[in-house]
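Asks: Here is a sequence with its predicted model. Questions after.
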Amino acid sequence: MLGYELSSVKERLLLAGLENSSLDAELIFSFVLGMRRSDIYAFPEREMTSNEIACVKDLVKRRVEHEPIAYILGKKEFWSTTFKVDKNVFIPRPETELLVELSIKNLEKIKFPTILDICCGSGAIGISIAKELKNSRVFGSDLSTEAVVCSIKNAESILLKNYSVVQTFLMNGLLKENIFNLIVSNPPYIPTSKIADLDSEVANYGPRMALDGGENGMSYLSKIIKETPFYLISKGILLLEIDHEQAESCIKEINHSDKYGIPVIHKDLAGLNRVVEVEKK
């Protein structure tokens with residue numbers, strides 16, 4: 001019965017050392033049975049078919065091996081939208097919603113803003129902005145073919161018409177015409193030597209392309225800071241997600257370029273430096 005199977009799975013996940021064992025179990029059963037999580041507890045006597053039990057066991061085995069639940073279920077909620085995700089894209093994180101929040105704040109008074117989301121991955125950032133700002137035109141860019149496809153599918157799933165994607169490295173191939181009101185990016189920023197030290201769910205399952213920021217983690221950040229002025233309009237905004245230890249390095253890069261105003265560092269809910277905001281002169 002459902003109640004018994006659910007209790008057994010919770011115990012197995014707990015013994016595997018998974019912090020959110022109860023939630024993970026609920027999500028797996030909800031996914032397999034096509035039921036709301038609340039209904040799982042409302043019908044504990046529900047008989048499960050052999051196929052349903054086998055499917056649950058398969059997903060539980062993957063979770064016990066610390067594969068992220070988002071990859072197992074193929075979806076992740078971000079900014080009140082459910083995004084399709086797979087192992088080719090980085091799972092959007094709650095702290096990254098700060099980029100969306102700041103983007104909207106900077107653009108809400110502009111009638112027809114144009115935005116570029118660099119290293120867009122699943123499209124979570126750009127699509128969230130496009131969804132909130134109906135009169136905007138949002139472009140995503142990513143080098144990964146799989147990420148581009150994922151991003152397009154996510155936009156199509158909510159019938160979004162003001163979002164499109166270009167497959168390219170950063171801004172390569174885009175016309176340097178200073179057309180963007182805002183450029184936003186959550187690029188790879190983990191130093192190569194520190195990737196192995198990350199949580200196993202990230203280090204073992206996240207796409208390395210979306211993590212590896214080079215020797216000091218600044219490879220992509222430096223290029224974006226250097227090249228963005230060619231694409232932003234005057235007074236246009238650049239928003240970058242960073243590792244909390246990279247704020248000083250980013251400020252030095254910004255000041256060295258002499259094409260920006262004074263940078264502002266925004267902290268996430270944990271109180272860590274998370275986003276660099278700066279205006280083009």
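Replies: In hand now; what should we look at?
Asks: Mind checking which residue lies nearest the centre of the protein?
Replies: Pro92 (2.4 Å; Cα atoms, centre = their mean).
Asks: mind listing what it touches?
Replies: Applying Cβ atoms under 8 Å, 6 or more residues apart in numbering to Pro92 gives the contacts 76, 78, 83, 85, 121-122, 124-125. Backbone N, C-alpha and C define where each C-beta goes, glycine included.
Asks: What of Met209?
Replies: 143-144, 188.
Asks: ditto for Leu33
Replies: By Cβ under 8 Å, 6+ apart, the contact set of Leu33 is 2, 40, 46, 48, 52.
Asks: can you do 7 Å?
Replies: Listed by Cβ atoms under 7 Å, 6 or more residues apart in numbering, the contact set of Leu33 reads Glu52.
Asks: Quick one: mean pLDDT for the strand or helix carrying Ser8?
Replies: Using DSSP states H and E, Ser8 maps to helix 2-15. Mean pLDDT, computed over helix 2-15, is 92.
Asks: Residues contacting it, please?
Replies: Against helix 2-15 from outside (Cβ under 7 Å, 6+ apart): 21-22, 24-25, 28-29, 40, 43-46, 48, 53, 56, 60, 63-64.
Asks: Can you point out the buried residues in it?
Replies: Neighbour-count burial for helix 2-15 flags 2, 5-6, 9-10, 12-13 (criterion: 16 or more other Cβ atoms under 10 Å).
Asks: For the chain, just list every one of the strands.
Replies: 75-78, 81-84, 114-118, 137-142, 163-167, 180-185, 232-241, 264-267, 273-279 (DSSP state E).
Asks: Any idea how many residues pack against the residue nearest to Leu240 when sequence neighbours are not counted?
Replies: Of all residues not flanking Leu240 in the chain, Val276 sits nearest, at 4.6 Å (Cβ to Cβ, 6 or more residues apart in numbering). By other Cβ atoms under 10 Å, 22 other residues sit near Val276.
Asks: beta partners of Val276?
Replies: Bridge pairing for Val276 (DSSP bridges) gives the partners Leu240, Ile265.
Asks: residues in contact with it?
Replies: Contacts of Val276 (Cβ under 7 Å, 6+ apart): 240, 242, 247, 250, 263, 265.
Asks: let's go with 10 Å and repeat that
Replies: Residues near Val276 by Cβ atoms under 10 Å, 6 or more residues apart in numbering: 221, 225, 238-242, 246-247, 250-251, 253-254, 263-266.
Asks: And for Pro188?
Replies: Here Pro188 is in contact with 90, 119, 195, 207-214, 217, 219-221 (criterion: Cβ under 10 Å, 6+ apart).
Asks: Separate out the buried members of those.
Replies: Neighbour counting with 16+ other Cβ under 10 Å marks 90, 119, 195, 207, 209-214, 217, 219-221 as buried within the contacts of Pro188.
Asks: Reformat these as CSV; add pLDDT and distance to Glu201.
Replies: Below are the buried ones among the contacts of Pro188 laid out as CSV (pLDDT from 0 to 100; distance: Cβ to Cβ, whole Å):
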residue, pLDDT, distance to Glu201
Phe90, 94, 12
Cys119, 97, 20
Ile195, 90, 13
Pro207, 91, 13
Met209, 90, 17
Ala210, 90, 14
Leu211, 91, 12
Asp212, 90, 17
Gly213, 92, 19
Gly214, 92, 23
Gly217, 93, 20
Ser219, 96, 24
Tyr220, 97, 22
Leu221, 97, 24
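Asks: contacting residues for the nearest residue to Pro68 once chain neighbours are set aside?
Replies: In this structure, Pro68 finds its nearest non-sequential neighbour in Glu201, 4.8 Å apart by Cβ to Cβ, 6+ apart. Counting by Cβ under 10 Å, 6+ apart, Glu201 makes contact with 18, 63, 65-71, 91.
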